[in-house]
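1. can't give you the sequence, but here's the structure:
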């Protein structure tokens, strides 16, 4: 859920890389997860909504999108997603083995 929301934000940034004044957005999955765990509400109540990235450097046209930063974020997000899929599959395999399948 968080990885998908982040992927969508990255795609939106890349689609607007040449839009003057466009402000980069990001989804901070790790911060959202930490906040949900700290509040005790659990991940089900967490919302992964894109937020403007105030730390992004502003270009002369007023945009804050850097294609290289977005490409890097996209690759990192893909790797995190793949890791989560592998961990989930391993857990299912363990449960199936315990059930004798």
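-> Received it, and whenever you're ready, just let me know what you need. All values derive from a computational prediction rather than experimental measurement. Numbering: from 1, shown residues only.
2. and the strand or helix carrying residue 92, how far from the chain's centre?
-> If you go by DSSP states H and E, residue 92 is part of helix 67-98. Chain-centre distance of helix 67-98: 12 Å, with Cα atoms, centre = their mean, to the nearest Å.
3. again with stretch 52-70
-> 17 Å.
4. and the end-to-end length of it?
-> Stretch 52-70 has an end-to-end distance of 14 Å (Cα to Cα, to the nearest Å).
5. what's in contact with it?
-> By Cβ atoms under 8 Å, 6 or more residues apart in numbering, the residues outside stretch 52-70 that reach it are 10, 13-14, 16-26. Glycine gets a C-beta too; all of them are placed from N, C-alpha and C.
6. Sort out which residues of that stretch are buried, please.
-> Residues of stretch 52-70 classed as buried by neighbour count (16 or more other Cβ atoms under 10 Å): 53, 56, 63-66, 69-70.
7. Extract the residue ranges of this structure that are flagged as low pLDDT.
-> By pLDDT under 70, the weakly predicted segments of the chain are 42-46.
8. mind running it again at 90?
-> Counting by pLDDT under 90, the chain shows low-confidence ranges at 1-5, 27-56, 80-81, 84, 100-101.
9. Roughly how far does residue 21 sit from residue 62?
-> 4 Å (Cβ to Cβ, to the nearest Å).
10. For residue 51, give me phi and psi.
-> Dihedral pair for residue 51: phi -130, psi 150, per degrees, to the nearest 10.
11. Please renumber the chain so that the first residue is 51 from this point on.
-> Sure, I'll start numbering at 51, so the last one becomes residue 101.
12. quick one: residue 84 from residue 102, how far?
-> Residue 84 sits at a distance of 20 Å from residue 102 (criterion: Cβ to Cβ).
13. do residue 138 as well
-> Separation of residue 138 from residue 102 (Cβ to Cβ) stands at 31 Å.
14. Equivalent analysis for residue 112, please.
-> For residue 112, the distance to residue 102 (Cβ to Cβ) stands at 13 Å.
15. Likewise for residue 131?
-> Separation of residue 131 from residue 102 (Cβ to Cβ): 23 Å.
16. same thing with residue 125?
-> 22 Å.
17. How about residue 88?
-> Taking Cβ to Cβ, one finds residue 88 at 23 Å from residue 102.
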